[in-house]
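[1] coordinates for the following, if possible.
(chains A and B)
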Amino acid sequence: MENFKETDLKQLRPGLWATVNERYPGSMITKTDFVPLARLKKPLPESRIAFISTAGVQPKNSLPFDTVHPVGDYTFRRVPSRSKPEDLEIHQLKYPTVGAKRDLNVIFPIERLQELTEEKIIGELAPNFFSFIGYNMDALKLEQTLAEDLADAVEAEKPDGALLAPA
Amino acid sequence: MMGHHFGVPRHKELQRRIILEMLDFLTTATRSGEVKMLPLKWANARQEGKEIERRLELKEV
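    Model prediction:
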């Protein structure tokens, strides 16, 4: 690990995490085995960028995420990066979607990323973005199934960099 | 703000700025796990967003 000490860890909202862990034991974890920092190997205007979100955004008519399962849904959806907001919908109950329903870009900024690509600030977008729901109460299962499957799927898109965004 | 990590509805400039900050961090982050706090206030963003929406609605009339 690059210059990283455990004492550097700062939980931004420790009180909140303690409360959630009291209600759902083990669901909020602190990891200290961060992967080494990966740097872009080429300039951004030459790079292919992927976007991965926990916002539960998916193409209309794709299988909806199971938002009521007690331990969560460990699947992900591909979202074509050329999609228009009107092609997409949100299946997620665990964050306020009032803003996203008026403008999806507040949580899944697909139009802004398309614009930055048209302006050549970004080289290109990966053919697909990815989304899943953040309500997954079994952290180990999340790491061993969804995270592994998603990493393989993202890698197959051959991005040079990826932006990960929570909801 | 939960559900609004890229700003407020119709505030393209703010949404774009947040993405550009993310992209910049791809090259300027010094170590894994580093957090960069942006000098943005939710109250200000919300107010700016309301003003933008008000102007857009006026334009559409």
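
[2] switch to C-alpha atoms for all contacts and neighbour counts from now on
    Fine.

[3] measure the residue positioned nearest the centre of chain A to residue A:162 for me?
    What sits nearest the mean C-alpha location of chain A, by CA atoms, centre = their mean, is residue A:53, with 2.4 Å. The gap separating residue A:53 from residue A:162 is 10 Å, by CA to CA, to the nearest Å.

[4] then residue A:31?
    20 Å.

[5] which one of these two has more residues nearby?
    Per other CA atoms under 10 Å in any protein chain shown, whichever of residue A:31 and residue A:162 has more neighbours is residue A:162, with 19 against 9.

[6] which bits of chain B sit near chain A?
    B:2-10, B:12, B:15-16, B:19, B:22-23, B:26-27, B:30-33 (CA under 8 Å from any CA of the partner chain).

[7] and stretch A:98-108, end to end?
    Counting by CA to CA, you get 13 Å between the two ends of stretch A:98-108.

[8] may I see the buried residues of that stretch?
    Under the neighbour-count criterion of 16 or more other CA atoms under 10 Å in any protein chain shown, stretch A:98-108 has A:99-100, A:103-108 buried.

[9] and stretch B:8-27, by the same measure?
    Buried residues in stretch B:8-27 (16+ other CA under 10 Å): B:8-12, B:14-16, B:18-20, B:22-23, B:26.

[10] stretch A:21-40 close to chain B?
    Yes - interface with chain B: stretch A:21-40 contributes A:34-37, A:39-40 (CA under 8 Å from any CA).

[11] dump that stretch to PDB, restricted to CA.
    C-alpha atoms of stretch A:21-40 as PDB (Å, rounded to 0.1, in the frame of the first residue of the first chain):
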ATOM      1  CA  ASN A  21     -24.300  -1.500  12.400                       C
ATOM      2  CA  GLU A  22     -26.400  -1.600  15.600                       C
ATOM      3  CA  ARG A  23     -29.500  -2.300  13.500                       C
ATOM      4  CA  TYR A  24     -27.900  -4.400  10.800                       C
ATOM      5  CA  PRO A  25     -24.800  -6.000  12.300                       C
ATOM      6  CA  GLY A  26     -21.800  -6.200  10.000                       C
ATOM      7  CA  SER A  27     -23.400  -4.300   7.200                       C
ATOM      8  CA  MET A  28     -21.100  -1.300   7.400                       C
ATOM      9  CA  ILE A  29     -17.500  -2.300   7.400                       C
ATOM     10  CA  THR A  30     -14.200  -0.500   7.500                       C
ATOM     11  CA  LYS A  31     -11.600  -1.800   5.200                       C
ATOM     12  CA  THR A  32      -7.900  -1.100   5.600                       C
ATOM     13  CA  ASP A  33      -6.600  -3.300   2.800                       C
ATOM     14  CA  PHE A  34      -7.100  -0.700   0.100                       C
ATOM     15  CA  VAL A  35      -5.800  -1.700  -3.300                       C
ATOM     16  CA  PRO A  36      -2.800   0.300  -4.500                       C
ATOM     17  CA  LEU A  37      -3.600   3.500  -6.200                       C
ATOM     18  CA  ALA A  38      -4.000   2.900 -10.000                       C
ATOM     19  CA  ARG A  39      -3.000   5.800 -12.100                       C
ATOM     20  CA  LEU A  40      -4.200   6.600 -15.700                       C
END
